[in-house]
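Participant: everything below, folded, please.
(chains A and B)
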There are 2 protein chains.
Amino acid sequence: MGEEIEHLIRLLSKVPGLGPRSARRAALHLVCRKDALLVPLVKSLHEVLEKVSVCPQCGNIDSVSPCGICSNRGRDAAVLCVVESVGDLWALERAGAVSGRYHVLGGTLSAFHGVGPEELGISRLHRRAAVDEVREVILAMNATMEGQATAHYITEVLGDCGVSVSRLAHGVPVGGELDYLDEGTLSAAVRSRRPFSEDVT
Amino acid sequence: MGEEIEHLIRLLSKVPGLGPRSARRAALHLVCRKDALLVPLVKSLHEVLEKVSVCPQCGNIDSVSPCGICSNRGRDAAVLCVVESVGDLWALERAGAVSGRYHVLGGTLSAFHGVGPEELGISRLHRRAAVDEVREVILAMNATMEGQATAHYITEVLGDCGVSVSRLAHGVPVGGELDYLDEGTLSAAVRSRRPFSEDVT
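Facilitator: The predicted model follows:
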C-alpha cells in the first residue's frame, strides 16, 4: 500500500477515537475522496496550525489571542470558572451556563503522575482570583476522585483571596432515569433536594 | 473557539469512525499536540495527496503506479482475485492469502443505488480475465446479498474467458465459537466439511 499511507495510518491511529483498524479505514476514505475531503482537510489543518493558539490568560484555545471569551467585555468579570480541560470549557459554553470567564488547569493534581500545584499553575489561578473584580470562583471539575481532590486543594489556596468558592451541583442528570443512576449520585440528589416551587432547570 | 477549529471539526466528523462528538475531541487533541501530532499529520497528508494514486490496472491505492502488487513479477500471473474494495484487498494481503494479483470493483451491483455493470467496470475485468496467462479468478466478495449477487453475475460474464472461477469458502471463522454463529454459517460449514486429515488452516 506504500509507506506514505502506512505512515498516515500510524499517525491517524494516535487521534483519540481512532484505533489501528479505524485509522486504516479513515486513511482509505481520505485517499478515495481526495477533492471532497483530503484537500479541504489539509487546508483546514494548515490554517489551524497557523492561526490557533492557547490563550495566555485562561488557557482556552482560539484563533485570536487573548481568546474570544477573555476579550469579550460583555462577560461578567466577577465570575471565574475553573475547569480541568478546554473540552470542559467548550461543553459549558455550549450549555451557555457560565456568564463569567474561565481558567483552564490542564489536568488534575496527581501524586501518581507527578502533577503538583506548580504543574497546574495554581499560583497563576491565585493571582487571577485575587484581582479586585473577581467575586466568585466556580470549581467545575469533573466529579471524579482526582477532580474533587483538586477542587478541595484550590478551595484552601483561594482562602485568602476574598472570593466565594462554589462547586457544580451533584444530582440527577436532566433526562436521566433514577433506575440507571449509581447510589452516590442518588444520595447526593436527595441531600441537595430543592423546594419544588424553585426554578432549577 | 474560533471558526478555523469549527471548520476542522466539521471536516473531521466526515472521517469514518469519528462522529461530531469525537471529531471535537480529536480536533482538541490535535491543537494541544501541535509538534507531536498536528505538524507530522499535515506533512503526512500532504505527501499522500502528492504521491498516492489509484492503480490504473487493478484499482489498488499506492504511491507507485502501477501499484506494488501489479508490478511485482513474483506474483502468480495465473490468478486474479476480485474484491469489492481496497480495504478488502489490504485485508487479504495482511493474511498473505492470495499469490496472484487483484481487481478492485469499487462496490457491488445495486439496482437501488443505480450501480450497474458499467459503473463497476465489469468489461475491464472481462478483458483482464481473458488474457492467456490468467487461469483462475477468485471471487472474494463479501458474504452479503449484494456481494454474492455480484459474484453470480461476474461468474456468468466470465463464462467465455476459459478461466476457472472460484469463491471464498464459507465456514466457521478460525477461533470462532459455534454457539455464537448464525444458522447460515453453521449449515454452510457442515455442508462444506472436509476430511479431518486434510490441512485446512
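Participant: which stretches of chain A form strands?
Facilitator: Listed from the start of the chain, chain A has strands (DSSP state E) covering A:53-54, A:61-62, A:79-83, A:101-104, A:136-140, A:164-167.
Participant: can you list the residues that contact the first one?
Facilitator: Residues lying outside strand A:53-54 but in contact with it, judged by Cβ atoms under 8 Å, 6 or more residues apart in numbering or on different chains, are A:60-63, A:65. In this view, the C-beta of every residue, glycine as well, is placed from N, C-alpha and C.
Participant: for that strand, which strands pair with it and how are they oriented?
Facilitator: According to DSSP bridges, strand A:53-54 forms sheet pairs with strand A:61-62 (antiparallel).
Participant: do the fourth one as well
Facilitator: Sheet pairing of strand A:101-104 (DSSP bridges) gives strand A:79-83 (parallel).
Participant: the partner strand versus strand A:136-140: what angle between them?
Facilitator: Taking axes from the mean of the first three to the mean of the last three Cα atoms, to 10 degrees, strand A:79-83 and strand A:136-140 form an angle of 20 degrees between their directions.
Participant: figure out how far strand A:79-83 is from the centre of its chain.
Facilitator: In terms of Cα atoms, centre = their mean, to the nearest Å, the centre of strand A:79-83 is set 11 Å apart from its chain centre.
Participant: kindly report the same for stretch A:65-78.
Facilitator: Stretch A:65-78 has its C-alpha centroid displaced from the chain centroid by 17 Å (Cα atoms, centre = their mean).
Participant: flag every buried residue along that stretch.
Facilitator: Residues A:65, A:67-70, A:75 are the ones in stretch A:65-78 that count as buried (16 or more other Cβ atoms under 10 Å in any protein chain shown).
Participant: what's the end-to-end length of that stretch?
Facilitator: Using Cα to Cα, to the nearest Å, one end of stretch A:65-78 lies 21 Å from the other.
Participant: contacts (any at all) between chain B and that stretch?
Facilitator: Yes - for stretch A:65-78, a contact with chain B is found by Cβ under 8 Å from any Cβ of the partner chain, at A:Gly68.
Participant: hmm, who's touching stretch A:156-173?
Facilitator: A:80, A:117, A:122, A:125-126, A:129-130, A:134-141, A:143, A:151, A:154-155, A:178, A:181, A:185-186, A:188-189, A:192.
Participant: show me where chain A has helices.
Facilitator: Ranges of helices in chain A, per DSSP state H, are A:3-12, A:20-32, A:39-51, A:86-95, A:117-120, A:122-129, A:145-157, A:183-191.
Participant: give me the low-pLDDT residue ranges for chain A?
Facilitator: Scanning chain A for pLDDT under 70 picks out A:198-201.
Participant: quick one on the thing from earlier: write a ChimeraX command that selects only the buried members of the contacts of stretch A:156-173.
Facilitator: Buried residues among the contacts of stretch A:156-173 (16+ other Cβ under 10 Å), as a ChimeraX selection:
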select /A:80,122,125,129,134,137,138,139,140,141,151,154,185,188,189
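Participant: the residue nearest the centre of chain A: what's it in contact with?
Facilitator: Central residue of chain A (Cα atoms, centre = their mean): A:Asp88, 2.3 Å from the mean position. By Cβ under 8 Å, 6+ apart, A:Asp88 lies in contact with A:140, A:142.
Participant: can you do 7 Å?
Facilitator: By Cβ atoms under 7 Å, 6 or more residues apart in numbering or on different chains, A:Asp88 lies in contact with A:Ala140.
Participant: what's the answer for A:Ser13, then?
Facilitator: A:Ser13 makes contact with A:19-20, A:23, according to Cβ under 7 Å, 6+ apart.
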